[in-house]
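Peer 1: Structural data only, the sequence is not supplied:
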Ligand SMILES: Cc1ncc(COP(=O)(O)O)c(C=O)c1O
């Protein structure tokens with residue numbers, strides 16, 4: 001049995017009928033105005049799902065992060081603290097606008113940014129913290145909100161892995177400006193690139209509208225604008241899938257539960273932050289001999305993934321930030337030992353049990 005990390009065709013299959021119905025609706029729209037209305041309907045549906053006041057549909061998660069930073073006034077040479085253990089886009093959003101990423105370490109059990117380490121990285125130039133809810137596990141928002149309040153810092157949440165996740169009864173994306181990637185490989189995935197941003201702050205929302213929409217008056221709001229709006233076709237796909245998001249999340253939780261109950265003790269599982277509900281974009285495990293385990297799974301036709309190369313170890317940031325970079329011991333240790341196991345809502349219990357057996361046999 002060949003088990004890929006993900007199989008988009010299997011994931012899209014249950015929604016094909018609804019997606020095609022929505023696409024036909026979009027094809028019949030008559031004007032830019034009608035497209036905009038259609039996209040706005042998705043924004044309202046997502047805002048309502050996420051219990052956020054406002055949502056803005058965009059062409060990617062990276063765009064959402066860049067706009068979020070700019071909308072709260074982050075400028076060239078300002079510093080932004082973020083975890084190094086994340087997808088490169090979280091860092092690029094900062095450096096693309098000329099600000100300086102400052103990498104903080106993570107907690108070794110939850111794999112989310114460590115508030116204790118954030119505090120050590122704050123300087124007079126710090127303007128914002130980006131909390132990444134990595135693999136769908138909400139970061140320690142209580143600690144982050146406290147620090148942000150103490151030092152008057154903006155909070156941006158990278159929710160790209162965390163559509164539907166909750167921290168203390170509140171959905172992620174409501175503690176600061178929420179930035180969601182809706183790329184195909186996310187829990188709420190389009191076909192290609194898409195993203196969405198959430199905020200509960202009217203002023204930020206109005207600023208973002210000016211930064212993202214073509215205005216009727218050509219001289220207003222266009223000065224700093226590059227095309228960044230979500231396409232109506234992606235909105236059509238996402239509207240079809242949003243209705244089923246909680247069911248998909250629940251199915252992934254059931255598969256994750258099989259992993260949690262059946263994997264042997266040599267496998268260390270990602271711990272959930274207290275009072276949170278994680279959503280499993282991935283199932284990340286930490287294990288000794290991770291490379292050999294990866295090879296063993298590959299031999300057995302199971303495609304695992306190695307974790308992200310921490311951003312402070314990438315050649316890009318080693319060149320850009322040179323002697324400003326410091327070692328991050330937890331991140332570096334985790335990076336050497338982390339693997340992501342196949343996890344999709346379309347994975348069957350039998351397949352997950354098969355993967356557990358192959359992993360356990362490696363350690364037996
Ligand atoms: C944690 C994280 N942040 C940001 C992004 C960027 O999103 P996008 O690819 O939609 O620009 C991704 C996408 O993979 C991600 O995983």
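Peer 2: Sure thing, it's come through. This structure is a prediction, so every number in the text was calculated from the model and none was measured. Numbering: from 1, shown residues only.
Peer 1: helices and strands around whichever helix or strand residue 21 is part of, which ones?
Peer 2: Residue 21 is part of helix 16-27, with elements assigned from DSSP states H and E. Applying 3 or more CB pairs under 8 Å, 6 or more residues apart in numbering; DSSP states H and E, one finds that helix 16-27 contacts helix 32-50, helix 232-242. (C-beta placed from N, C-alpha, C; glycine too.)
Peer 1: repeat that with 7 Å
Peer 2: helix 232-242 (3 or more CB pairs under 7 Å, 6 or more residues apart in numbering; DSSP states H and E).
Peer 1: still on that earlier bit, what comes into contact with the helix holding residue 21?
Peer 2: 38, 232, 233, 236, 237, 239, 240 (CB atoms under 7 Å, 6 or more residues apart in numbering).
Peer 1: Roughly how far does the fourth one sit from the ligand?
Peer 2: To tie it back to what came earlier, the one meant is residue 236. According to CB to the nearest ligand atom, to the nearest Å, residue 236 and the ligand sit 18 Å apart.
Peer 1: Test for you: state the pLDDT assigned to the spatially closest residue to that residue that is not a sequence neighbour.
Peer 2: Nearest non-adjacent residue to residue 236, counting by CB to CB, 6 or more residues apart in numbering: residue 22, 3.8 Å away. pLDDT recorded at residue 22 is 98.
Peer 1: can you check residue 341 too?
Peer 2: 97.
Peer 1: how far away is it from residue 98?
Peer 2: As judged by CB to CB, to the nearest Å, residue 341 and residue 98 stand 38 Å apart.
Peer 1: how big is the angle separating the helix holding residue 21 from helix 32-50?
Peer 2: Using axes from the mean of the first three to the mean of the last three CA atoms, to 10 degrees, the inter-axis angle of helix 16-27 relative to helix 32-50 is 140 degrees.
Peer 1: any idea how far helix 16-27 is from the chain center?
Peer 2: 26 Å (CA atoms, centre = their mean, to the nearest Å).
Peer 1: Counting neighbours, what do you get for the residue of the stretch 151-300 of the chain found nearest the ligand?
Peer 2: Relative to the ligand, the nearest point of the stretch 151-300 of the chain is residue 181 (3.1 Å; CB to the nearest ligand atom). Neighbourhood size, residue 181 [other CB atoms under 10 Å]: 30.
Peer 1: Residue 197: what secondary structure?
Peer 2: State at residue 197, reduced to three classes by DSSP: H, G, I helix; E, B strand; the rest coil: strand.
Peer 1: That one touches residue 57, doesn't it?
Peer 2: No - Residue 197 is beyond contact range of residue 57, at 8.3 Å (criterion: CB atoms under 7 Å).
Peer 1: Between these two, point out the one with more neighbours.
Peer 2: residue 197 (30 against 26).
Peer 1: which element is the closest residue to that one other than its chain neighbours on?
Peer 2: Nearest-residue entry for residue 197: residue 64, 4.3 Å, with adjacent residues in sequence omitted and distances by CB to CB, 6+ apart. Secondary structure assignment for residue 64, by DSSP H and E: helix 61-71.
Peer 1: How far off centre is that helix?
Peer 2: In this view, helix 61-71 has its centroid 13 Å away from the chain centroid, taken as CA atoms, centre = their mean.
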